[in-house]
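> For reference, the sequence and a predicted model appear below.
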Amino acid sequence: MSKIFINHGFKCLSITTLPSLEEPSGKASASRKDLPRMIIESMCADVESVSTARLLNQIASVVVSNGLFTSAEMSRSSSLGGLIPLNSKLYSHGSNTSGQPEIETVRKLLEVKLKIDDVEDVDEAGVEAETAEKLLAGHFRFHLPGIIPPQLVILVRSPSRRSADGGDRPGKMLLFFHGNIKFLPIFTSHIQEGFDCTITDLVPDNATLQSCLDWCVVHD
């Protein structure tokens, strides 16, 4: 089974998308039909997008406001009243460790990688089946070289299924986060402010993990 389900370093959240109040129940427009996909694509599709730029600005702000720009070595120097190394890209010509770098400087030094894994079931003719179970996952990975190790956000859309009346069930997603918990609210707020959804903590039990494993085996 994938390590994301068994590694206790990952925090797991459940995201449930909600129907628009402006549309009759079960009559979602085409643009809102797959909100989970829209959420994943808004966060994990384009490094140059306005959405990604906004997230990186907020990440840089959290780094500075929480003093996360000092590595372990820098922190030890700080307690001795030392200087941040002259070759540090966060400062010019060295600086007392009590000083803060500019948010813009941290933002420019952040490195980010985005990726979307889209697995679609197709029939023998190569045409995607409308009722096929489809798995979609997005990855948002960022770090501050030499200071903050890789932080990882994984969004997984639950396989699509039809309800008894033929309509789509409410969108379900999972969010896995690995890293400093101070960064997590950036992503949950981004999702809740941009889309109609609820986000709750989730602690998968053994039965849930077994169900996930069974699904992976059946659907290869």
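Cool, got the structure. Numbers count the residues shown, from 1 in each chain.
> Let me know the distance separating Leu56 from Pro19.
Distance of Leu56 to Pro19, given as CB to CB, to the nearest Å: 31 Å. All C-beta spots, glycine's among them, are computed from the backbone N, C-alpha and C.
> Also Phe69?
Note on Phe69: its distance to Pro19, by CB to CB, is 42 Å.
> Quick check on those two: which one has the bigger neighbour count.
Phe69 (21 against 17; other CB atoms under 10 Å).
> what kind of secondary structure is that one in?
The local conformation at Phe69, judged by DSSP: H, G, I helix; E, B strand; the rest coil, is coil.
> show me the contacts for it.
Contact analysis of Phe69 by CB atoms under 8 Å, 6 or more residues apart in numbering lists Val63, Leu90, Gln100, Pro101, Val106, Leu144, Ile147, Ile148.
> so which one among those residues has the lowest pLDDT?
Here the lowest pLDDT out of the contacts of Phe69 sits on Leu90, with 74.
> Check which helix or strand the closest residue to that one other than its chain neighbours maps to.
Spatially, and ignoring its direct neighbours in sequence, Leu90 is nearest to Pro101 (4.1 Å; CB to CB, 6 or more residues apart in numbering). For Pro101, there is no host helix or strand (DSSP states H and E).
> Could you pull up phi and psi at Pro101?
Backbone dihedrals for Pro101, given as degrees, to the nearest 10, come out at phi -70, psi 170.
> so what's Lys172 up against?
By CB under 8 Å, 6+ apart, Lys172 lies in contact with Ser14, Ile15, Thr16, Thr17, Pro36, Arg157, Ser158.
> For His139, give its distance to Val203.
22 Å.
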